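Peer 1: Kindly return the folded structure for what I paste below:
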Amino acid sequence: MAKALAYLQSGGPTAVINSSLYGAIREAGEHKEISKVLGSLHGIEGLLFDDLADLGKEDPEQIELLLQTPGAALGSTRYKLPSDLEDERYQSIIKTVRKHDIGYILVNGGNDSMDTCSKLSRLFASKGMDVKVVGVPKTVDNDLSATD
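Peer 2: Purely as a prediction, here's the structure:
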């Protein structure tokens, strides 16, 4: 059964952050396991507050323009999730994931974003939820270990 993919942008916008989003949208269209691509507005806050955009409804010409658009098209954030996976904020994320039948989450960002990936991955595993969480590395400082 196909599941939705949610894409988050976080941290400081780089010259390639929207190009990574473009690539994810295009590649997702090639996989029958992915029903649609949702943009999580303002990073993890979109999942927290159920603020998602169905990127499949966007004009294809606008998607193409992502390749040359500066800034973070979905809006970015520096919101840090708590360490305690039982915190009520995680219940909000679970509610949003279930509501939109999300099976895949891509988190585009740097060190803190990779921390968010880790927390989300552990959360879903602890709840027995089949949600794949993948980090899409992006850093202005070139300080993500094992990516250089």
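Peer 1: looking at this, L47 is in a helix?
Peer 2: Yes: assessed with DSSP: H, G, I helix; E, B strand; the rest coil, L47 lies in a helix.
Peer 1: That one: what's it in contact with?
Peer 2: A6, L8, S40, S92, I93, T96, V97, I105 (CB atoms under 8 Å, 6 or more residues apart in numbering). The C-beta positions use only the backbone N, C-alpha and C, and glycine is treated the same way.
Peer 1: what ranges do the helices span in this structure?
Peer 2: 17-28, 44-48, 60-65, 88-99, 111-126 (DSSP state H).
Peer 1: Take these and lay them out in CSV including distance to G71.
Peer 2: CSV is the format used below for the helices of the chain (distance: least, CB to CB, whole Å):
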stretch, distance to G71
helix 17-28, 7
helix 44-48, 16
helix 60-65, 12
helix 88-99, 24
helix 111-126, 16
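Peer 1: Can you check which of these gets nearest to S76?
Peer 2: Closest to S76 of the helices of the chain, according to CB to CB: helix 17-28, at 7.9 Å.
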